[in-house]
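Enquirer: only geometry, no sequence info:
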């Protein structure tokens, strides 16, 4: 049972990155998926969420219009496409799974994180 993020790296301001989070060991399609981020010295913050069937998404105000969350339930993968990256987007990005129905196990799950660095 795990979530494995990938796709982080170094990008210049204005650049783009696509993060991926591959799930295994649980019924991915029954979980809402989110991306969080945590910058040094700051609290972890919610970036984006997508419902279990992908019909609804929500974004933090700071990333609206620049980031897009999506999922492929057949591949058990959630993505975060990031455009127009800013210095303040630099952080460790975490994938998070939350059960959409009562009784599922695990109830929730975190990935290990992937570093996004924005530097000129």
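Expert: That came in fine, so what should we check first? All figures in this text were calculated on a predicted structure; none of them were measured in a lab.
Enquirer: and the gap between residue 89 and residue 80?
Expert: Counting by C-beta to C-beta, to the nearest Å, the separation of residue 89 from residue 80 is 11 Å. (C-beta placed from N, C-alpha, C; glycine too.)
Enquirer: who has more neighbours, those two?
Expert: More neighbours surround residue 80 than the other of residue 89 and residue 80, with 27 against 22 (other C-beta atoms under 10 Å).
Enquirer: now that one. Nearest residue, chain neighbours left out?
Expert: residue 19 (4.3 Å; C-beta to C-beta, 6 or more residues apart in numbering).
Enquirer: after the helix or strand where that neighbour lies, which helix or strand is next?
Expert: Residue 19 is part of strand 17-24, with elements assigned from DSSP states H and E. Downstream of strand 17-24, the next assigned helix or strand under DSSP H and E is strand 31-38.
Enquirer: what about the helices in this structure?
Expert: Counting by DSSP state H, the chain has no helices at all.
Enquirer: find the centremost residue of this protein, please.
Expert: residue 35 (2.6 Å; C-alpha atoms, centre = their mean).
Enquirer: if I look at residue 11, how far off is residue 119?
Expert: Counting by C-beta to C-beta, the gap from residue 11 to residue 119 is 8 Å.
Enquirer: likewise residue 36?
Expert: Per C-beta to C-beta, residue 36 is found 22 Å from residue 119.
Enquirer: hang on, the earlier thing: ok, residue 11 and residue 119, which is more surrounded?
Expert: Neighbours were counted for residue 11 and for residue 119 using other C-beta under 10 Å; residue 11 has more, 18 against 9.
Enquirer: my read: that one touches residue 115, true?
Expert: No. Here residue 11 lies out of contact with residue 115, judged by C-beta atoms under 8 Å, at a distance of 11.1 Å.
Enquirer: so the residue nearest to residue 29 when sequence neighbours are not counted versus residue 114, what's the distance?
Expert: The shortest distance from residue 29 to any non-neighbouring residue, by C-beta to C-beta, 6+ apart, is to residue 73 (4.3 Å). From residue 73 across to residue 114, the span is 21 Å (C-beta to C-beta).
Enquirer: more neighbours: which of the two?
Expert: Taking other C-beta under 10 Å, residue 73 and residue 114 do not tie; residue 114 has more neighbours (22 against 17).
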